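Novice: coords please:
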Amino acid sequence: MIKSALRTTAIAVAVSAIAFAAQAKNPMVGGAAMYPTKNIVENAVNSKDHTTLVAAVKAAGLVSTLEGKGPFTVFAPTNEAFAALPAGTVDMLLKPENKAKLTKILTCHVVAADAMSKTVAKMIKDDGGEHDIKTVGGCVLKAKESMGKITLTDENGTVAHVTIADVKQSNGVIHVVDKVLLPKM
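Specialist: Below is the predicted model:
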C-alpha cells in the first residue's frame with residue numbers, strides 16, 4: 001500500500017514537472033503567462049498588451065473561430081500597434097456597420113496553420129530570402145528574416161516586426177507584432 005502511494009505520488013510529481021516545463025517554455029505576453037493548454041482567445045484575454053485586439057475579435061464575431069480546433073497562426077498586434085493607426089480608426093472599425101471591414105483586417109493576421117518561427121524562417125530561406133504567407137483573409141504578407149528576427153510586410157508596404165515569437169497555444173501559435181497589417185486599400 002505504501003509502495004502504491006509512493007508510486008502514485010511519484011507519477012503525479014513527474015506529470016506536474018512535465019506540465020510545468022511545457023508551460024515554462026512559453027514567453028509571457030502583456031504581463032501574463034501564456035499556457036499551451038489554453039486556446040488563442042483564452043490566452044489573449046489575459047494580455048494587457050492585447051485588449052484592443054481582443055475587443056476587435058469580439059466585435060468581428062471571431063471569438064468562436066479562434067477558440068476552434070485550428071490550427072491557427074495569429075500575428076497579434078499590440079495595443080500600441082492599433083494606437084499608431086490614424087486617429088479614430090479603431091473606434092470606426094469597432095462600429096457594427098464596419099464589421100465586414102474589421103473582419104477582413106483581423107483575418108489578414110491569421111494563417112490556417114501552426115507556423116512556429118523556425119518553420120517560417122526555413123520557408124524564407126528556402127524561397128531565397130522572402131516568403132509569401134497567404135492569410136485566411138486573402139492577404140499576402142511578405143515574410144523576411146534578418147539576424148534571427150522575422151518581419152512581415154503587408155500589401156501596403158507596412159512592415160511589422162515579430163517582437164515575441166512562438167507563443168504556443170492548444171490550437172496553434174501566436175506571434176506578437178508591432179504593427180497592424182492591412183489589406184490593400
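Novice: which stretches of the protein have low pLDDT?
Specialist: 1-24 (pLDDT under 70).
Novice: neighbouring strands for the longest strand seen in it, and are they parallel or not?
Specialist: In the chain, assigned by DSSP state E, the strand with the most residues is strand 159-169. Next to strand 159-169 in the sheet, as set by DSSP bridges, lie strand 149-153 (antiparallel), strand 172-177 (antiparallel).
Novice: just checking, which of these sits deepest inside the structure?
Specialist: Comparing the strands paired with strand 159-169 by mean neighbour count (mean count of other CB atoms under 10 Å), strand 172-177 ranks first with a mean of 24. Using the backbone N, CA and C atoms, a C-beta is placed for each residue, glycine as well.
Novice: So for residue 115, which of the strands paired with strand 159-169 sits nearest?
Specialist: Among the strands paired with strand 159-169, the nearest to residue 115 by CB to CB is strand 172-177 (6.7 Å).
Novice: ok, residues contacting the closest one?
Specialist: 29, 34, 40, 43-44, 49, 70-78, 81, 109, 113-117, 150, 152, 160-167 (CB atoms under 8 Å, 6 or more residues apart in numbering).
Novice: can we see that at 7 Å?
Specialist: Residues from elsewhere that reach strand 172-177 (CB atoms under 7 Å, 6 or more residues apart in numbering): 29, 40, 70-78, 81, 114-117, 152, 160-167.
Novice: Please apply the same query to stretch 86-105.
Specialist: With CB under 7 Å, 6+ apart as the test, stretch 86-105 has contacts from 52, 55-56, 59-62, 82, 137, 182-183.
Novice: change it to 10 Å
Specialist: Applying CB atoms under 10 Å, 6 or more residues apart in numbering, the contact partners of stretch 86-105 are 52, 55-62, 65, 77, 79, 82-83, 85, 106, 135-139, 180-183, 185.
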